[in-house]
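I'd like to go over a predicted model; first the sequence, then the structure.
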Amino acid sequence: MKKRPSRPTQGKTRAPERPAHAPLLFPAGLAAAGLVVFASALNGPFLFDDEWAVLNNPHVRAVWPLSASMAAPAQTPLAGRPVPALSFAISYALGGLDPWGYHLWNLGVHILAALVLFGIVRRTCLLPRVPEPIRLEADQLAFVVALLWLVHPLQTEVVNYLTQRTESTVSLFYLLTLYTAIRAMSEPLSQAASRWIVASVLACGLGMASKETMATAPVAVFLYDVVFAAGSPSKAVRDRWRLYGGLALTWGVLGWLVADGPRWRTAGFSAGVSPWTYLLHQPGMIVTYLKLVVWPSPLVFDYGRTNPITFVDAALALAVVLALIAATAVGLWRRPLVGYLGAWFWITLSPSSSIVPIASEVGAERRMYLPLAAVIVLLSLGARWAIRRALPDGLVGRRARVIAVAVTCIACVGLTVRRNLEYRSELAIWQTVLDRRPHPRAHYNIAAPLSESGRVDDALEHYRAAVDEEPEASYALGFELEKRGRLNEAAAEYARYLERQSDGRRVLPARIRLGVTLMQIGRLPEAATSLEAAVRLAPNDPDAVGAYGHALAESGRLSEAVRVFERLVTLTPDDADAYQSLGLALLGERRAAEAVAPLQRAVALAPQDDRKQAMLGSTLLTAGRTAEGLVALERAFALGYNDPALRAAYDAARRP
C-alpha cells in the first residue's frame, strides 16, 4: 500500500531545524569573542570626565544608602542618571580606584548588550513576515550581526572610556525593552505575555534612569510592532495597549530626573549653543559616522565643542542626510522590513544628533552604539544578496559568505585591538586627537599628562594654545607658572581666568591662588581683595579663610587678622598651623598673654615641631612666665632648633 503524501500547511512556514546545541553555542561564542578582543582594554586609565564620574565623586564611596549612591553632583556626567551612578558605587566597593574592575564592568555590559541583540535579530528573522531564506539562516545571521557589532572599532569608546558606561547601560536596557516586547508580541493575551510586558516596562524604566536617549525606546518598540507583528498602528494599540501604556508611563521617570536640569550647562536649550548651530553640525557628523562604519579610521576620542558654522558649510552633508531620510520613508512605505532598519538608525540617533544642543561636544563616536546595529544588519543583508546574485551556486556562495564574514571580522578585531592600545595612557589618547582633529580642548587635556611626565615646557605650550577657547587652561597655566616661580605671569593667568569665569569649578581655587601669588610678589592690597572675595564665595573653606588671614596680617591689619584666625581654628580644630597663625597675630598686636593659649594648643597638636616649641617659649618669656618659657625653649633646642638670638634670650633669662 502506497503511503499518502502529507498535505502542505497553508499560510505557515515550518521553522528551520537547528542543532540542539545552537542556542548556547552562538551566545558562548559572542561572550568569548568579547573577552578576547577587549582584554587589551582592561588596563586603561581614568580619562577626561572620569575625574568627575569617579575620582572626585563622593557618591561612589559607598553603596548604601541608595539615595546617596544613586545621586551625583550637579553638572557632572552621572547627574540625573541613578542606575549608572549606582553601578559606579558598586565598582568602587569591589575594587576601590583600580580602573581594571571598572573596565571589566563596562565590558560585561557591552557583551550582555551583544547577547540581547543576538536574541532580537534571531527572533526577528524567524517571524512569518520575514522571507523564508532568511528564516532558514536566522541563527547564523543573528550571530554574524551581533559579532560584528560587538567587535567593531566604533564600540571601543564605551569599554575604554569609563564614563561612557552610561551609553552602554542605556543601550542594554533599550535592547532589553525591545527584546521583551518581542516576546510579549509572540504570545498575545496570555499569562506569559503579561510577564513579558512587565519585564519590558521595567527595562524601559531602568533605561530612562540611565540616560536621556532612552526617550525614543517606546517609539522604536511601537514601530517594530507595526512592521513585524501587528501590521497596522490601530491593531498594535488594540492588541497591546497595556504594553504601550506602561512604556509611556516610563517617560514620567525621565521627566522627573531631568526636571531640575542636572546638566544644563553642557546639554539642552540653555547650554549656550543655539539649536540651529548644533543642527547644522549634525549632518556632517552623521556622514562621518556612516563612513566610520565601513572604514573605521581615523577614530577620534573627542570631536571638540560646537562652534559656529554656516549653512553653506553644511549644505552637502545636509543633502546626503535628507536623501537618506527620504529613502527610509520610502522603505517604510514600500519595503517596511528594510525601512525599519533605517528608522531604527534615525530614532536611536536623534536624541543626541538633532536640535537639542550638546554644547560640550559637537559629536561623539559612542552615539553610534545603538544605530550601528541597524547599519550592520542592512550591510549584512546587502552583502548576502550581492553574493547570492553573483554566485548562484549554493555551495560556492556559502563559502564566499563565510570568507567575507571572516575577513570583515578579522579586520574589525585588528582595528579594535589597535584602538584599545591607544587608550592605554592619557597622553597617548589625547595625542591621537591632536593628530587627527586638533582643537583647544585637546591641547588643554594633553598638557596635564605632559607636565606629570616631566615635559613642563611642552605642557606650557599646549596650555597657551588652549587659553583662548578653554578658560580652564588659564587656571592650569597659572598653576604651572606659579610652581616654576614665574609669579607675575601666574597672577596674570589667574586674573584672566577669573575675568572669564564667574561660577566655574575653579573659581574658588583661582581666587585663593591669585591672592597667595599676589602676596608673594608684594601686592598686598590686591591679595587681600582677592582672598576676601574667596571667603565670600566659601565662608567655611579653611584654605580661603587661612589665606585671607595671612594677607591681612602681612598688610598690617592685625586686629582683622586675629578675628579671621579665630574663625579658622573653629573650622580646623586639629590644625596646629592655624593655632600658630592666631598666636602670631596676637603677638603682633602685643597681646602676648593671650597668644600663649593658641601656641600651647599648636605645640600639643605638633609636639615634635621645634619651631612651634621655640615660638611658645619666646612668647612665654615675653608674657613674664619665665620658668615655663625656659622649659619650652629647652625642648625646642633638644629638637634641633638653632637660633643665636633666641639662645641669647634663653641664657639671659636663666641668669639670676
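Cool, the structure landed.

point to the helix or strand of this protein where mean pLDDT is at its lowest.
Here the helix or strand of the chain ranked lowest by mean pLDDT, DSSP states H and E is helix 644-654, holding a mean of 86.

surely Trp264 touches Val356?
No: Trp264 is not in contact with Val356 according to CB atoms under 8 Å; the separation is 11.8 Å. Every residue, glycine included, has its C-beta placed from N, CA and C.

where does the chain have low pLDDT?
1-23, 504, 656 (pLDDT under 70).

so which residue is smack in the middle of it?
Taking CA atoms, centre = their mean as the criterion, Thr163 is the residue nearest the geometric centre of the chain, at 2.9 Å.

helices of the stretch 51-200 of the chain, start to end?
66-69, 82-95, 99-125, 132-136, 138-151, 156-160, 165-186, 191-208 (DSSP state H, counting those that start in this stretch).

which one of those lies nearest to Arg536?
Among the helices of the stretch 51-200 of the chain, the nearest to Arg536 by CB to CB is helix 66-69 (29.2 Å).

in that closest one, what's buried?
For helix 66-69, the neighbour count (16 or more other CB atoms under 10 Å) marks Ala68, Ser69 as buried.

check stretch 621-628 too.
Buried, per 16+ other CB under 10 Å, within stretch 621-628: Leu621, Thr622, Ala623, Arg625, Glu628.

off-centre distance for that stretch?
60 Å (CA atoms, centre = their mean, to the nearest Å).

equivalent analysis for stretch 257-275, please.
16 Å.

pull the residues that contact stretch 224-235.
Contacts to stretch 224-235, defined as CB atoms under 8 Å, 6 or more residues apart in numbering, come from residues 124, 127, 129-130, 178, 181-182, 185-186, 222, 236, 239-240, 332, 336-337, 339-340.

which parts of the stretch 251-400 of the chain are strands?
Ranges of strands in the stretch 251-400 of the chain, per DSSP state E, counting those that start in this stretch: none exist.

show me the helices in it, by range?
275-294, 311-334, 336-349, 371-390, 394-422.

for the helix or strand just after the last one, which outside residues touch it?
In other words, helix 394-422. Next helix or strand after helix 394-422 toward the C-terminus (DSSP states H and E): helix 426-436. With CB under 8 Å, 6+ apart as the test, helix 426-436 has contacts from 45, 47, 298-302, 422-423, 439, 442-443, 445-446, 448-450, 453.

7 Å instead?
45, 47, 298, 300-302, 422-423, 442, 445-446, 449-450, 453 (CB atoms under 7 Å, 6 or more residues apart in numbering).

number of residues surrounding Asn307?
11 (other CB atoms under 10 Å).

quick one: it from Ala442, how far?
Noted for Asn307: a distance of 14 Å to Ala442, by CB to CB, to the nearest Å.

between those two, which contacts overlap?
Between them, Asn307 and Ala442 share no contacting residue, judged by CB under 7 Å, 6+ apart.

per-domain residue ranges of the protein.
Domain ranges of the chain: 22-421, 441-497, per automatic domain parsing.

tell me which of these sits nearest to Arg601.
Among the domains of the chain, domain 22-421 sits nearest to Arg601 (CB to CB), with 30.1 Å.

and stretch 249-263, what's buried?
Thr250, Trp251, Val253, Leu254, Leu257, Val258, Pro262, Arg263.

would you mind writing the CA trace of it as CSV?
C-alpha atoms of stretch 249-263 as CSV (Å, rounded to 0.1, in the frame of the first residue of the first chain):
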residue,chain,number,x,y,z
LEU,A,249,4.4,55.9,31.9
THR,A,250,8.2,55.5,31.9
TRP,A,251,8.5,58.9,30.3
GLY,A,252,7.5,60.2,33.6
VAL,A,253,10.6,58.7,35.2
LEU,A,254,12.8,60.6,32.7
GLY,A,255,10.8,63.8,33.1
TRP,A,256,11.3,63.7,36.9
LEU,A,257,15.0,63.0,36.6
VAL,A,258,15.7,65.9,34.2
ALA,A,259,13.2,68.4,35.7
ASP,A,260,15.9,70.2,37.6
GLY,A,261,18.3,70.4,34.7
PRO,A,262,21.1,68.3,36.2
ARG,A,263,23.5,69.1,33.2
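
make residue 1 into 50 and carry on from there
With the count now opening at 50, the last piece we talked about shows up as stretch 298-312.

who's in contact with that stretch?
By CB under 7 Å, 6+ apart, stretch 298-312 touches 123-124, 128-129, 250, 253-254, 257-258, 261, 263-264, 317.

same thing with stretch 194-205?
79, 82-83, 86, 159, 163, 166-167, 170, 341-342, 345, 348, 414, 417-418, 421-422, 425-426, 429, 457-458, 461-462, 464-465, 468-469.

hmm, try it at 8 Å
Under CB under 8 Å, 6+ apart, the answer for stretch 194-205 is 75, 78-79, 82-83, 86-87, 90, 159-160, 163-164, 166-167, 170, 338, 341-342, 345-346, 348, 414, 417-418, 421-422, 425-426, 429, 454, 457-458, 461-462, 464-465, 468-469, 472.

same check, this time on stretch 683-697
Under CB under 8 Å, 6+ apart, the answer for stretch 683-697 is Gln657, Asp658, Asp659, Arg660, Gln662, Ala663, Gly666, Ser667, Leu682, Tyr699.

just stretch 351-358 next, same as before
Contacts for stretch 351-358 (CB under 8 Å, 6+ apart): 97, 322, 326-327, 329-330, 334, 406-413, 482, 486, 488-491, 494, 518.

show the buried residues in the residues you listed.
97, 322, 326-327, 329-330, 334, 406-413, 482, 486, 488-491, 494.

for Pro406, phi and psi?
With angles defined as degrees, to the nearest 10, Pro406 sits at phi -70, psi 140.

distance of Ser346 from Ala366?
19 Å.

before we move on, back to that, closest to Leu547 out of the buried residues of stretch 670-677?
Using CB to CB, Thr671 comes nearest to Leu547 of the buried residues of stretch 670-677, at 41.4 Å.

wait, doesn't that closest one sit right on Arg640?
No: using CB under 8 Å, Thr671 makes no contact with Arg640, being 10.3 Å away.

Leu557 contacts Pro588, correct?
No: taking CB under 8 Å as the definition, Leu557 is not a contact partner of Pro588, at 11.3 Å.

so which of those two has more stuff around it?
Leu557 (17 against 11).

please identify which helix or strand holds the more buried one.
Applying DSSP H and E, one finds Leu557 within helix 556-569.

have a look at Ser346 and Ala366 and say which one is more surrounded.
Ala366 (18 against 11).

what residues are up against the more buried one?
Pro332, Gly333, Ile335, Val336.

ok, now which ones touch the residue lying closest to it once chain neighbours are set aside?
Using CB to CB, 6 or more residues apart in numbering and skipping residues adjacent in sequence, the residue nearest Ala366 is Pro332, 3.8 Å away. Contacts for Pro332 (CB under 8 Å, 6+ apart) come out as Ala363, Ala366, Leu367, Val369, Val370.

apply 6 Å and report the result again.
Residues near Pro332 by CB atoms under 6 Å, 6 or more residues apart in numbering: Ala363, Ala366, Leu367, Val370.

Tyr628: which of those is nearest?
Nearest to Tyr628 out of the contacts of Pro332 is Ala363 (CB to CB; 63.7 Å).

rewinding a little: of the contacts of stretch 683-697, which belong to helices?
Asp659, Arg660, Gln662, Ala663, Gly666, Ser667, Leu682, Tyr699 (DSSP state H).

and those, which two are the farthest apart?
Among those, Arg660 and Tyr699 lie farthest apart (CB to CB), at 15.2 Å.

these two: which is more packed in?
Between Arg660 and Tyr699, counted using other CB under 10 Å, the more crowded position is Tyr699 (21 against 14).

can you count the residues close to the nearest residue to the more buried one once chain neighbours are set aside?
With CB to CB, 6+ apart as the criterion, Tyr699 has its nearest non-adjacent residue at 4.8 Å, and that residue is Leu682. Residues near Leu682, counting by other CB under 10 Å, number 25.

so which elements touch the strand or helix carrying Val613?
Assigned by DSSP H and E, Val613 belongs to helix 607-620. Packing contacts for helix 607-620, counted by 3 or more CB pairs under 6 Å, 6 or more residues apart in numbering; DSSP states H and E, involve helix 591-603, helix 625-637.
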